[in-house]
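Asker: I'll drop the sequence and a predicted model, then ask my questions.
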Amino acid sequence: MTGLLARIGAATLALLAGIGRMVIFVAETLSHLVRPPFYAREFGHAVMSVGWQSLPVVGLTAFFTGGALALQIYSGGARFSAEALVPQIVAVGMVRELGPVLVGLMIAARVTSSIAAEIATMKVTEQLDALVTLSTNPMKYLTLPRVLAALLTVPVLVAVGDVIGIFGGYLVGIYRLDFNPANYITNTVDFLEAHDVISSLVKGGAFGLIAALTGCYYGMQSDRGAQGVGRATKTAVVVAAVLILAANFLLTEAFFSE
């Protein structure tokens, strides 16, 4: 019994210590927002990597999800003679929930892993030490541009994903389920509210922040060697995905609990 309690206590302390280190890391990263210098070129590269290069996978994911959602809603609604609600439910489902979450998870899979692997490799090859030797703060040079890029571009990706997902449902609705195109568009536009769109964009910003910070943190904390890089990358992706899903629940509760 004593050994079991000791292991539980050690695991709890390790968890709390990890949370504390991450909180300090986040606070230090945000503190660099108001302190020069600012590396515009690194920020530009990060915007291209996080935003533009993620667009194909985000678009394909949203498109097929919107189409599948329309088929599922039609099939389920047919049991209750509610097939006509397909446009409304596809729009609300994509904008409120599926769009932000799927984009967030795709960013975690693609961007978090890339950031963690890149920074961990730089640590293993002592490039981080070289930056310090050159009087360049690794947090400001590596972390801040990536975090800012994710914070600004992921909401845009979410907006694009929402539109593409709704379009995928629209194509399935008119070509597979025989909806009237004009009525489908009217029902979609009339049913969505500004509150839904704002919540989607806020979720995108939060998920982008989580994805970038997690990748940077575990990259910086990587152990030496190839195994350390692989472990840091795997852990970063898993933690980012879990935090995104947890944040999605909290934000959904905050926006739609009334």
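Answerer: Looks like it arrived, so ask away. Residues are numbered from 1 along each chain as shown.
Asker: distance of G104 from L33?
Answerer: 22 Å (Cβ to Cβ, to the nearest Å). Yep, even glycine has a C-beta here, placed from its N, CA and C like the rest.
Asker: show me which of those two is the more surrounded one.
Answerer: G104 (28 against 11; other Cβ atoms under 10 Å).
Asker: show me what the helix or strand containing the more buried one is packed up against.
Answerer: Here G104 sits within helix 99-107, counting by DSSP states H and E. The contact analysis (3 or more Cβ pairs under 8 Å, 6 or more residues apart in numbering; DSSP states H and E) places helix 99-107 against helix 55-77, helix 144-175, helix 194-220, helix 226-256.
Asker: mind putting the ones you listed in a markdown table, mean pLDDT, mean neighbour count and distance to L15 included?
Answerer: Supplementary listing: the helices and strands packed on helix 99-107 in a markdown table, determined by pLDDT from 0 to 100; neighbours: other Cβ atoms under 10 Å; distance: least, Cβ to Cβ, whole Å:
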| stretch | mean pLDDT | mean neighbour count | distance to L15 |
| --- | --- | --- | --- |
| helix 55-77 | 90 | 18 | 32 |
| helix 144-175 | 93 | 23 | 24 |
| helix 194-220 | 92 | 23 | 15 |
| helix 226-256 | 91 | 17 | 12 |
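Asker: now render the ones you listed as a markdown table, adding distance to F25.
Answerer: Listed next are the helices and strands packed on helix 99-107 as a markdown table, based on distance: least, Cβ to Cβ, whole Å:
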| stretch | distance to F25 |
| --- | --- |
| helix 55-77 | 27 |
| helix 144-175 | 11 |
| helix 194-220 | 5 |
| helix 226-256 | 13 |
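Asker: and these: which comes nearest F43?
Answerer: Checking these against F43 by Cβ to Cβ gives helix 144-175 as the closest, at 4.1 Å.
Asker: before I go, just wanted to say thanks for your time.
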